[in-house]
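> Sequence and predicted structure, then a few things I'm wondering about:
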Amino acid sequence: MDAKQPGRRRFLKSGAALAGLAVSGIRPAAGQTPGASPDVVHKERAAYGQPSRFEAASRIPAGPNPGSRTPLQDVVGIIAANGLHFVQSSYSGDNIDPRKHRLLIHGMVHRPLIFSLEDLKRLPSVSRIHFVECTGNTSPVTPSLTTIRGGIGDGTGKGSEWIDELHQSVQQTHGKMGCAWYTGVLLSVLLREAGVKPEAGWLLLEGAEPGHLSRSIPLAKGMDDVLVAYGQNGEAIRPEQGYPFRTVVPGFEGNINIKWLRRVKVIDQPHMVKEEINNYTSLRLDGKARWFQLEMPVKSVITFPSSGQRLPGPGFYNITGLAWSGRGAIRKVEVSVDSGRTWKDAQLEDPVVRMAWTRFHFPWTWNGEATRVLSRSTDEQGDVQPTLAEFSKVWGVNLEYWRKTTNFVNHFNVIQPWKINGDGSVQNAMLG
Ligand SMILES: Nc1nc2c(c(=O)[nH]1)N[C@H]1C(S)=C(S)[C@@H](COP(=O)(O)O)O[C@H]1N2
Ligand SMILES: [Mo]
């Protein structure tokens, strides 16, 4: 290829090579029997469709708990399809029969109430786009370094395998999050119906599965934008994602988005369940711990080019990625293509929604030299995504700490550098 050709034309020429990038395997999807007549194919596929057998996007197992990670490198736009949206469950509540399932609203209310799925569907509904991110997403310690080969979420940890840090893909580092268009009833509607007493200040949300995952949230949040959602991306919420309904608590830690919701208790103080005094606190080396870090911090990641992908050669590329904040809308994303020396604004793609993924784009002509690409987001509060050095300072640790620690650090929102090697291969450069 002529290196002096305008970037755009060279890009179009190398389009075929680019298109081949993401296709790592071709699966035999149901209803796509090679050579079958169009009629047969149509019938087979009529009940519930499948992606083309030429597409290989799929979730990967997440770690020791039942769960899986979103293939962020394959997601287009700002919605994770239901079949690709990550799943994280400490306990599993699959197989709940909606005819038997109920939601109880009680505690400091004038009228305790019970709702079935049918009852909820009779009420005025809203549809909102929101991300859900696990607090441990991107944390550079054991759980995010391992992946389980074979069998999504068998929960045994069998087959766990260390993926060396350089080769972790964006799905492994950032895939414990998704963004979906949820439909349901505002929790405020149910609370008003029950009549909250003036001394109330918090809510306890509780799941129906055997482990009953629970979290407390401020009443003000519950009266603001929390959803009791029964729909996700145009269909019923999937069993593993909370069927028949779950809370969506915009911007808050993933675990607060209680699935298989069965109880909302109106209380005056946080309930201090184990999830909030143990599991989801962050312990510093000086022995102090952070509790009730409810909102997920501002963060972004480049999904193309990202670790495991390969640039076929010098020329034009559309750098793209996702930015989000638990504290509102994304105001700005900057991209650096020279290892963090200089930064330029990326274009934000509409719609830019509060507490949702924002897609960004950055046109780039690669000269073929080794470099690092990074993205840095700023939200409507003015919060800026930190470097690893800045983040380490807050935690009172040095950079070496991250190579050795087995401490799980929540809310790890550090700027993600991807290293582009001279041969076009891309690697994770979070730790250098
Ligand atoms: N009832 C219940 N709700 C739950 C969980 C759970 O184990 N039980 N896991 C939580 C965690 S840790 C996360 S990150 C999110 C993940 O939501 P998703 O499975 O729809 O991606 O659900 C949360 N809600
Ligand atoms: Mo989570």
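On my side now, so go ahead. Ligands and ions are numbered 1, 2, ... in the order given.
> list the contacts for the closest residue in space to K197 that isn't next to it in sequence?
Spatial nearest neighbour of K197, excluding adjacent residues (C-beta to C-beta, 6 or more residues apart in numbering): M108 at 4.2 Å. In short, each C-beta sits where N, CA and C put it, glycine included. Shown in contact with M108 (C-beta atoms under 8 Å, 6 or more residues apart in numbering): V196, K197, E199, A200, V266, I267, D268.
> From ligand 1, how far off is M108?
As judged by C-beta to the nearest ligand atom, to the nearest Å, M108 and ligand 1 stand 23 Å apart.
> cool, and E235?
Computed as C-beta to the nearest ligand atom, the E235 to ligand 1 distance reads 14 Å.
> got the contact list for the residue nearest to that residue when sequence neighbours are not counted?
Closest residue to E235 apart from its sequence neighbours, by C-beta to C-beta, 6+ apart: N82 at 6.7 Å. N82 makes contacts with A180, Q232, N233, E235, R238, Q241, as judged by C-beta under 8 Å, 6+ apart.
> Repeat the analysis, applying 6 Å as the threshold.
Taking C-beta atoms under 6 Å, 6 or more residues apart in numbering, we find N82 in contact with Q232, N233, R238.
> Over to G424?
By C-beta under 6 Å, 6+ apart, the contact set of G424 is R310, L311.
> Phi, psi for it please.
phi 90, psi -10 (degrees, to the nearest 10).
> again, but for the one 4 residues further on
The phi and psi torsions at N428 (degrees, to the nearest 10) take the values phi -70, psi 130.
> give me the number of residues near the nearest residue to it once chain neighbours are set aside?
Nearest residue to N428, sequence neighbours excluded (C-beta to C-beta, 6+ apart): S307, at 4.3 Å. As a burial measure, S307 scores 24 neighbours (other C-beta atoms under 10 Å).
> any idea of the pLDDT on S307?
S307 is assigned 96 on the pLDDT scale.
> ok, now S139?
In this model, S139 is scored at 81, pLDDT.
> Make sure it is actually in contact with N413.
No: using C-beta atoms under 6 Å, S139 makes no contact with N413, being 10.3 Å away.
> thinking again about what came up before, just the ones in helices from the contacts of M108, please.
Judged by DSSP state H, helices contain none of the contacts of M108.
> Most neighbours among those residues, which one is it?
V266 leads the contacts of M108 on contacts (other C-beta under 10 Å) with 23 neighbours.
> Can you tell me how far the nearest residue to that residue once chain neighbours are set aside is from V248?
Excluding the flanking residues, the one nearest V266 by C-beta to C-beta, 6+ apart is G107, at 3.8 Å. Distance from G107 to V248, counting by C-beta to C-beta, to the nearest Å: 21 Å.
> what number of residues lie near D94?
For D94, the count of nearby residues is 15 (other C-beta under 10 Å).
> For H411, see how far away the spatially closest residue to it that is not a sequence neighbour is.
Closest residue to D94 apart from its sequence neighbours, by C-beta to C-beta, 6+ apart: P239 at 4.3 Å. Separation of P239 from H411 (C-beta to C-beta): 29 Å.
> returning to that earlier point: G107 and V248: which has the busier surroundings?
V248 (27 against 19).
> Let me see the contact set for that one.
Shown in contact with V248 (C-beta under 6 Å, 6+ apart): H130, Y182, L227, A229, N257.
> was I right about the third one contacting G184?
This means L227. Yes: between L227 and G184 there is a contact at 4.5 Å, judged by C-beta under 6 Å.
> Can you tell me which residues in the chain are near ligand 1?
85-91, 93, 132, 134, 178, 207, 209, 213, 241, 254-255, 257-260 (C-beta under 6 Å from any ligand atom).
> Could you count how many residues lie near the residue of the stretch 301-432 of the chain found nearest ligand 1?
For the stretch 301-432 of the chain and ligand 1, the shortest gap (C-beta to the nearest ligand atom) falls at N410, measuring 10.8 Å. Counted with other C-beta under 10 Å, residues neighbouring N410 total 20.
> And stretch 230-250, what's buried?
By 16 or more other C-beta atoms under 10 Å, the buried positions in stretch 230-250 come out as 230-233, 236-237, 239-250.
> If you could redo that for stretch 348-363, that was the one I meant.
By neighbour count on 16+ other C-beta under 10 Å, the buried set for stretch 348-363 is L348, V352, V353, R354, M355, A356, W357, T358, R359, F360, H361, F362.
> And for stretch 215-227?
R215, S216, I217, L219, K221, G222, D225, V226, L227.
> Give me the contacts around that stretch.
Outside stretch 215-227, the residues that touch it by C-beta under 6 Å, 6+ apart are 182, 184, 187-188, 200-205, 247-250, 256, 270-271, 275.
> Show me where the stretch 151-300 of the chain dips below the pLDDT cut-off.
Residue ranges of the stretch 151-300 of the chain with pLDDT under 70: 151-163.
> ok, which stretches of it are helices?
Secondary structure of the stretch 151-300 of the chain (DSSP state H, counting those that start in this stretch): helices at 170-174, 187-194, 219-222, 274.
> could I get those helices as TSV with distance to R102?
Below are these laid out as TSV (distance: least, C-beta to C-beta, whole Å):
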stretch	distance to R102
helix 170-174	36
helix 187-194	13
helix 219-222	19
helix 274	25
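> remind me which residues of the stretch 301-432 of the chain are low pLDDT?
Along the stretch 301-432 of the chain, the model assigns pLDDT under 70 to residues 406.
> Nearest to ligand 2: which residue in it?
Ligand 2 sits closest to N410 of the stretch 301-432 of the chain, with a gap of 9.2 Å, by C-beta to the ion.
> give the contact list for the nearest residue to P210 once chain neighbours are set aside.
Nearest residue to P210, sequence neighbours excluded (C-beta to C-beta, 6+ apart): Y91, at 5.7 Å. Shown in contact with Y91 (C-beta under 6 Å, 6+ apart): E209, P210, G211.
> could you redo the last one with a cut-off of 8 Å?
So Y91 contacts G207, E209, P210, G211, H212, L213 (C-beta under 8 Å, 6+ apart).
> Please see if stretch 271-289 touches ligand 2.
No: using C-beta under 5 Å from the ion, stretch 271-289 stays clear of ligand 2, coming no nearer than 8.2 Å.
> Which parts of the stretch 201-350 of the chain are strands?
In the stretch 201-350 of the chain, the strands defined using DSSP state E, counting those that start in this stretch lie at 202-207, 214-218, 227-232, 235-236, 246-248, 261-267, 282-283, 289-290, 299-304, 315-324, 330-336, 344-345, 347-348.
> Identify the residues contacting the residue nearest to the spatial centre of the chain.
Taking C-alpha atoms, centre = their mean, the centroid of the chain lies closest to M177, which sits 1.2 Å from it. Neighbour list for M177: T70, F86, F131, V132, E133, C134, N137, G254, W324 [criterion: C-beta under 8 Å, 6+ apart].
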